[in-house]
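>>> what's the 3D shape of this:
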Amino acid sequence: MNIGIFGGTFSPIHSAHLIIAETAREQYNLDRVIFMTSGDPPHKTAGVDAPSRFQMTRLAIAGNDRFTDDDYEIKSGGKSYTVHTLEYMKKQYPNDKLFFIIGEDSLGDLGKWYEPEKIISMAALIVFPRVSQESLNEKITAAKEKFGGEILPVRAPVIGLSSTYIRERISRGETVRYMVPDKVGEYIKEHNLYADGD
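Residues are numbered from 1 along each chain as shown. So this is what the prediction gives:
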């Protein structure tokens, strides 16, 4: 099988995440996309606790039988490093091909990641555009020259929707309808998340 892994803080998960995952799944014939909610990400602060973020992710993907979730990074505790997650996934799916889904910005920062060469050796990278398709192709060419491996572009529009933007809207009391799945919006409201700007 072809297994996609889509890691993220998901604070909160939003419509662009789902569009990206579904587009990557279709384009590269992924049998499954596993959403891996980060526990304690090394490069950013999550704001909301990991169990709440995981629950929102679970609610968001419930309607797609090709999407599933995994709480490995949350349960493992400490900083969440991609290389450790991929080692875990290799053990779970020893006979399958792994694809790790990231954004164009993350690909540009790959040299700052922990053991990037090992990451590239364990999984093909599927990269979605953040600036433009042309910019993405340039970053992929540069990354292949530096790290080798299999790095694949997602043919998708640039979607200017971010978790930061959604959190800011919620903190100002503005609607995020259609930006997040309805069930996620209900969960945020019910638990009063992000209201104080977290």
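>>> Can you show me the strands along this protein?
2-8, 32-37, 67-70, 97-103, 124-128, 151-153 (DSSP state E).
>>> okay, and for this structure, where does confidence drop off?
The model of the chain has pLDDT under 70 over residues 40-46, 197-198.
>>> what's the angle between the longest helix that it contains and strand 97-103?
For the chain, the helix that runs over the most residues, judged by DSSP state H, is helix 133-147. Calculated by axes from the mean of the first three to the mean of the last three CA atoms, to 10 degrees, helix 133-147 forms an angle of 130 degrees with strand 97-103.
>>> Give me the residues contacting helix 133-147.
For helix 133-147, contacts defined as CB atoms under 8 Å, 6 or more residues apart in numbering pick out 104, 107-108, 110-111, 116-117, 120, 125, 127-130, 151-153, 155. The C-beta positions use only the backbone N, C-alpha and C, and glycine is treated the same way.
>>> Please, where are all the helices along this structure?
Using DSSP H, helices in the chain cover 15-27, 50-61, 72-76, 82-92, 104-108, 116-122, 133-147, 163-171, 182-190.
>>> out of those, nearest to Phe35?
Relative to Phe35, the nearest member of the helices of the chain by CB to CB is helix 50-61, separated by 5.1 Å.
>>> For that closest one, which residues meet the burial criterion?
Neighbour-count burial for helix 50-61 flags Ala50, Ser52, Arg53, Phe54, Gln55, Met56, Thr57, Arg58, Leu59, Ala60, Ile61 (criterion: 16 or more other CB atoms under 10 Å).
>>> now stretch 148-166
Of the residues in stretch 148-166, those buried (16+ other CB under 10 Å) are Gly149, Ile151, Pro153, Val154, Ala156, Leu161, Ser163, Ile166.
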